[in-house]
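Peer 1: Next one to model:
(one chain, ligands or ions: 1)
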Amino acid sequence: MPRKPALKAVSVAPAKPGAPGASRLSADEIAELFRRFAAANPAPTTELHYTNPFTLLVAVVLSAQATDAGVNKATPALFAAADTPARMAALGEDRVRDLIKTIGLFRNKAKNVVALSEQLVARHGGEVPRQREALEALPGVGRKTANVVLNTAFGEPTIAVDTHLFRVSNRLGLAPGKTPLAVEAELERVVPDAFKPNAHHWLILHGRYVCKAQKPDCPHCLVRDLCRFPDKTG
Ligand code: SF4
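Peer 2: The predicted structure is shown next:
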């Protein structure tokens with residue numbers, strides 16, 4: 001099973017001669033960038049399959065270091081067996097492990113999925129909480145997963161930074177930063193409020209299909225003229 005690449009350092013374009021500060025997009029350019037993403041894809045969403053906030057949470061936990069496509073192959077059988085915290089806890093670790101064994105790190109993930117289900121039942125009435133702190137307190141749930149759930153299940157304007165957002169934000173000059181947390185803080189600061197609810201999905205899809213890690217498809221990029229990356233292809 002192919003694994004998602006680990007986050008790694010990316011080069012940030014230097015300012016172009018005669019254009020002070022040009023390694024970062026201006027506010028007008030950022031607005032234009034998102035206007036184009038919105039025009040091309042008005043209602044972006046996750047490629048993970050889910051049926052409710054709980055199955056989304058589980059799918060995101062399973063997607064760590066694995067592809068969405070790989071997770072989607074395993075989750076129909078898993079969610080048919082258990083689509084609520086109570087049912088997942090009752091299913092038990094051995095059975096969950098068996099159902100997700102095609103996904104990388106499945107042993108640890110099975111343990112976390114059952115443990116987080118038990119905690120949801122014990123502490124949250126069997127519901128997925130809408131608070132970041134409560135989400136991050138669940139086993140196997142970090143800041144990125146909490147951000148995805150808050151955004152995708154509950155419509156909060158959070159922007160989860162994964163490997164794709166980290167790379168794209170730096171290459172574009174949209175939100176340069178040395179760590180995912182720094183990029184997230186910068187995105188929070190520069191992305192106009194109107195675009196925040198969909199920013200994560202637009203940027204992740206752009207990174208997955210156009211601004212790819214090894215060879216970005218710059219000739220077909222709809223924001224090429226705005227992008228600050230010095231090593232564009234084509
Ligand atoms: S022009 Fe190339 S490097 Fe810049 S965002 Fe588009 S695909 Fe990525």
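
Peer 1: Now residue 157: phi and psi?
Peer 2: When read as degrees, to the nearest 10, the backbone of residue 157 gives phi -80, psi 40.

Peer 1: Follow the chain on from the helix ranked longest in the chain and name the next helix or strand.
Peer 2: Using DSSP state H, we find that the single longest helix of the chain is helix 106-124. Using DSSP states H and E, the helix or strand that follows helix 106-124 in sequence is helix 132-136.

Peer 1: circling back: counting by contacts, list what the longest helix of the chain packs against.
Peer 2: Applying 3 or more CB pairs under 8 Å, 6 or more residues apart in numbering; DSSP states H and E, one finds that helix 106-124 contacts helix 53-62, helix 85-91, helix 93-99. For the C-beta atoms, the positions are set from N, CA and C on the backbone; glycine is no exception.

Peer 1: Among these, pick out the one with the most neighbours on average.
Peer 2: Highest mean neighbour count among the helices and strands packed on helix 106-124 (mean count of other CB atoms under 10 Å): helix 53-62, with a mean of 24.

Peer 1: coming back round to it: could you give the mean pLDDT of the longest helix of the chain?
Peer 2: In this model, helix 106-124 has an average pLDDT of 98.

Peer 1: between the helices and strands packed on helix 106-124, which gets nearest to residue 145?
Peer 2: Smallest distance to residue 145 across the helices and strands packed on helix 106-124 (CB to CB): 4.8 Å, for helix 53-62.

Peer 1: Around the ligand, pick out the residues from the chain.
Peer 2: 171-172, 210-211, 216-218, 221, 223-224, 227, 229, 232 (CB under 6 Å from any ligand atom).

Peer 1: make it 8 Å
Peer 2: 168, 171-172, 206, 210-212, 216-218, 220-224, 227-229, 231-233 (CB under 8 Å from any ligand atom).

Peer 1: ok, residue 27 touching residue 190?
Peer 2: Yes: in this structure residue 27 lies within contact range of residue 190 using CB atoms under 8 Å: 7.3 Å.

Peer 1: what about these two, which has more around it?
Peer 2: Between residue 27 and residue 190, counting by other CB atoms under 10 Å, residue 190 is the more crowded of the two (16 against 9).

Peer 1: dump the residue contacts of that one.
Peer 2: With contact taken as CB atoms under 8 Å, 6 or more residues apart in numbering, residue 190 is in contact with 25, 27, 30, 174, 175.

Peer 1: Could you check how far it is from the ligand?
Peer 2: Per CB to the nearest ligand atom, to the nearest Å, residue 190 is found 16 Å from the ligand.
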